[in-house]
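J.: Provide a 3D model corresponding to the input given below.
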Amino acid sequence: MKNTSWVKGAVIYQVFPDRFARSARAAADGQFEPWDAPETPHGFKGGNLKGAEERLSHLAALGVTAVYFNPVFASAANHRYHTHDYFRVDPVLGGDAALDSFIKAAHRRGIKVILDGVFNHASRGFFQFNHLLENGAASPYRGWFHPRGWPLKAYNLGSEKPNYACWWNLPALPKFNTRNPEVRRFILDVAEYWLKKGIDGWRLDVPHEIDDDAFWREFRRVCKRVNPGCYIVGEIWGEAKRWLEGDQFDAVMNYQLSAACISYFGGRKLKLTHSYDGRRLEPGDQRKFLADIKTLLGHYPHAVALRQMNMMSSHDTDRMLNTYGGDMDRVKLAVVFSYLFPGAVNVYYGEEIGMEGELNAGTRDGMPWGRRSAWNTGLLALYRRLGALRRGSALLKDGKFEFLRDYCDGDLLAFRRHLPGRQLACFMNNSDRPSARAVKAAHCRGRLLLAEGARLKKEGGRPLLELRPRGFAVFG
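T.: As a prediction, this is how the structure comes out:
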């Protein structure tokens, strides 16, 4: 795993290409929605990769070390999970040349590039499936999918239902037959092709739906042969030991961490419009949070935990401010915890400025570059300071994690990252009451690295840490 050491302590920034940035220098032909209009299921706003490249200075100021793009390949969907051509970047995004330019510009800044691999299913516009639509059972590609009758019923016309396997029974997303050697070779060729073009990793969409460990082992061998340091991260919402034994993925999207944080830091303000891994999240107390984190860290070896993709939100969730009931102080506690926790942190675009939105109702709105008055500059400053704290920190890259249980009293949460002879300690008051606690000198030595609503003073010769409600302090 030494080749993926760049992931440890990384700050990954997630870009939804149609909504992040639009450059007038690379605008595609066609009519697009107004940038600041609310998102719609089928509307395009015309975001492009040149726009993302022009915003690399914004990412650099956040301490970003990698960009994860939601799908960029040719597609007729604004999210591009309906892939038409896996070997061509969508022309609306600027085509292959725009991705090549972004990769080179990002690499000059020391920023890696991760692409979204949608290999469980394709689209009605995918050539081989379109061939089936046109030719039925006579198509030489009939073995690439799972047809159950002819002609294919691909549009839910009237009372029709799709007569072929598709993701969540959505006819626009026909499922590949990955038992077919031709399909396997095709997917592996795609993975190899873009790694040779310079990308640094793959985020795999719903990989558990390709229920075939041998396939994912071969996928890993192909990818690592091209780039031993490439990052392979799977979208697995639950426990993922099966995929993290060193022969398939390097990491998974750590939704279990975000679920624990939402329950604890969100508390009675918690507000979600969707489930998490099929379960409804409820407010949780500190005892449950400590147990959840212990269980999570117990699932995997420390080397794996250091490479997990830890996110507090994504394109598939409500935004943080909505999730935490509009309480910015609670949001900040979750953000600070995620940045100090083992693993890479994944920041969904716009969270650093406090964008609002619910899933399918604002989560994928356009980044408000032209409305700086909508930016929460205090939150942005916190993200920048946390990014700077992560940069070059051996403690946050490799340090062990433990709760300082002597301080954890139900309101005050304390934990540390540590290496031999070094440590970073954090105290958080996750309550509505002020906190004042005597702390050991060993836990507040060094500099006060980061704080809000905190004061350290001496009382009776001992350090006393005072924290306002939802205040925090980081020492190291």
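J.: helix/strand/coil for Leu449?
T.: Assigned with DSSP: H, G, I helix; E, B strand; the rest coil, Leu449 falls in the strand class.
J.: ok, now Asp316?
T.: Put simply, Asp316 is coil when judged by three-state DSSP.
J.: so it touches Leu359, yeah?
T.: Yes: counting by CB atoms under 8 Å, Leu359 is a contact partner of Asp316 at 6.9 Å. Where C-beta positions appear, they are placed from N, C-alpha and C, glycine not excepted.
J.: Give me the common contacts of the two.
T.: Overlap of the contact sets of Asp316 and Leu359 (by CB atoms under 8 Å, 6 or more residues apart in numbering) is empty.
J.: For Tyr276, give the beta-bridge partners.
T.: Arg279 (DSSP bridges).
J.: hang on, isn't it packed against Leu257?
T.: No: under the criterion of CB under 8 Å, Tyr276 is not in contact with Leu257, lying 11.2 Å apart.
J.: Compare these two (neighbour count), which wins?
T.: Leu257 (26 against 17; other CB atoms under 10 Å).
J.: Quickly find the element holding the more buried one.
T.: Element membership for Leu257 (DSSP states H and E) is helix 255-261.
J.: Identify the residues contacting that helix?
T.: 237-239, 276-277, 281, 284, 289, 292-293, 296, 308, 310-313, 317, 334, 337-338, 341, 343.
J.: Identify the element of secondary structure that Asp189 sits within.
T.: helix 181-196.
J.: avg pLDDT for that helix?
T.: Averaged across helix 181-196, pLDDT comes to 98.
J.: Output the helix or strand following that helix as PDB, restricted to C-alpha atoms.
T.: Counting by DSSP H and E, the element after helix 181-196 in chain order, helix or strand, is strand 201-204. Below are the C-alpha coordinates for strand 201-204, written out as PDB (Å, rounded to 0.1, in the frame of the first residue of the first chain):
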ATOM      1  CA  GLY A 201      -7.500   6.900  -9.600                       C
ATOM      2  CA  TRP A 202     -11.000   5.500 -10.000                       C
ATOM      3  CA  ARG A 203     -14.100   6.000  -7.800                       C
ATOM      4  CA  LEU A 204     -16.300   3.000  -8.500                       C
END
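J.: Go ahead and measure how far strand 201-204 is from the middle of the chain.
T.: Put simply, strand 201-204 sits 11 Å off its chain's centre (CA atoms, centre = their mean, to the nearest Å).
J.: next one: stretch 451-469
T.: 35 Å.
J.: can you check stretch 98-109 too?
T.: So, by CA atoms, centre = their mean, the centroid of stretch 98-109 is 20 Å from its chain's centroid.
J.: what's in contact with that stretch?
T.: Residues contacting stretch 98-109 (CB under 8 Å, 6+ apart): 26, 48-50, 52-53, 56, 60, 67, 72, 89, 93-94, 112-113, 197-199.
J.: returning to what we had before: what subset of the contacts of helix 255-261 is buried?
T.: Among those, those classed as buried by 16 or more other CB atoms under 10 Å are 237, 276, 281, 284, 289, 292-293, 296, 308, 310-313, 317, 334, 337-338, 341, 343.
J.: thinking Asp277 is in contact with Trp237, fair?
T.: Yes: the pair formed by Asp277 and Trp237 meets the contact definition of CB under 8 Å, at 3.9 Å.
J.: In strands, which of the contacts of stretch 98-109 fall?
T.: Val67, Val89, Lys112, Val113 (DSSP state E).
J.: ok, now how distant is the first one from Ala106?
T.: This points to Val67. 6 Å (CB to CB, to the nearest Å).
J.: for the second one, same thing?
T.: Val89 sits at a distance of 15 Å from Ala106 (criterion: CB to CB).
J.: Could you do the third one as well?
T.: Using CB to CB, one obtains 7 Å as the distance from Lys112 to Ala106.
J.: what about the strands in the stretch 351-476 of the chain?
T.: 400-403, 412-419, 422-429, 435-438, 448-459, 462-475 (DSSP state E, counting those that start in this stretch).
J.: so which of the ones you listed is the most packed in?
T.: Mean neighbour count (mean count of other CB atoms under 10 Å) peaks for strand 422-429 among the strands of the stretch 351-476 of the chain, with a mean of 22.
J.: Let me see the mean pLDDT of that one.
T.: For strand 422-429, mean pLDDT is 98.
J.: could you check the angle strand 412-419 makes with that strand?
T.: The directions of strand 422-429 and strand 412-419 differ by 170 degrees, with axes from the mean of the first three to the mean of the last three CA atoms, to 10 degrees as the criterion.
J.: Run me through the strand neighbours of strand 422-429, direction for each.
T.: Paired neighbours of strand 422-429 in the sheet (DSSP bridges): strand 412-419 (antiparallel), strand 462-475 (antiparallel).
J.: so what are the domain limits for the protein?
T.: Domain assignment for the chain, taken from automatic domain parsing, gives 2-120+178-398, 127-169, 400-475.
J.: chain center to the longest one: distance?
T.: Centroid displacement of domain 2-120+178-398 relative to its chain, using CA atoms, centre = their mean, is 3 Å.
J.: can you tell me the distance between the two ends of it?
T.: Domain 2-120+178-398 has its terminal residues 12 Å apart, counting by CA to CA, to the nearest Å.
J.: and what of stretch 176-185?
T.: 12 Å.
J.: related to what we said a few turns ago, restricted to strands, list the contacts of helix 255-261.
T.: Among the contacts of helix 255-261, the residues falling in strands (DSSP E) are Asn310, Met311.
J.: Now the spatially closest residue to Asp90 that is not a sequence neighbour: phi and psi?
T.: Nearest non-adjacent residue to Asp90, counting by CB to CB, 6 or more residues apart in numbering: Ala74, 4.7 Å away. Main-chain dihedrals, Ala74, degrees, to the nearest 10: phi -50, psi 130.
J.: Pull the contacting residues for Ala74.
T.: Shown in contact with Ala74 (CB under 8 Å, 6+ apart): Thr83, His84, Asp85, Arg88, Val89, Asp90, Pro91.
J.: how about 7 Å then?
T.: His84, Asp85, Arg88, Asp90, Pro91 (CB atoms under 7 Å, 6 or more residues apart in numbering).
J.: and if you look at Asn254?
T.: By CB under 7 Å, 6+ apart, the residues touching Asn254 are Gln308, Met309, Asn310, Met311, Gly343.
J.: What segments of the stretch 151-300 of the chain are helices?
T.: With DSSP state H, counting those that start in this stretch, the ranges of helices along the stretch 151-300 of the chain come out as 181-196, 213-226, 255-261, 286-299.
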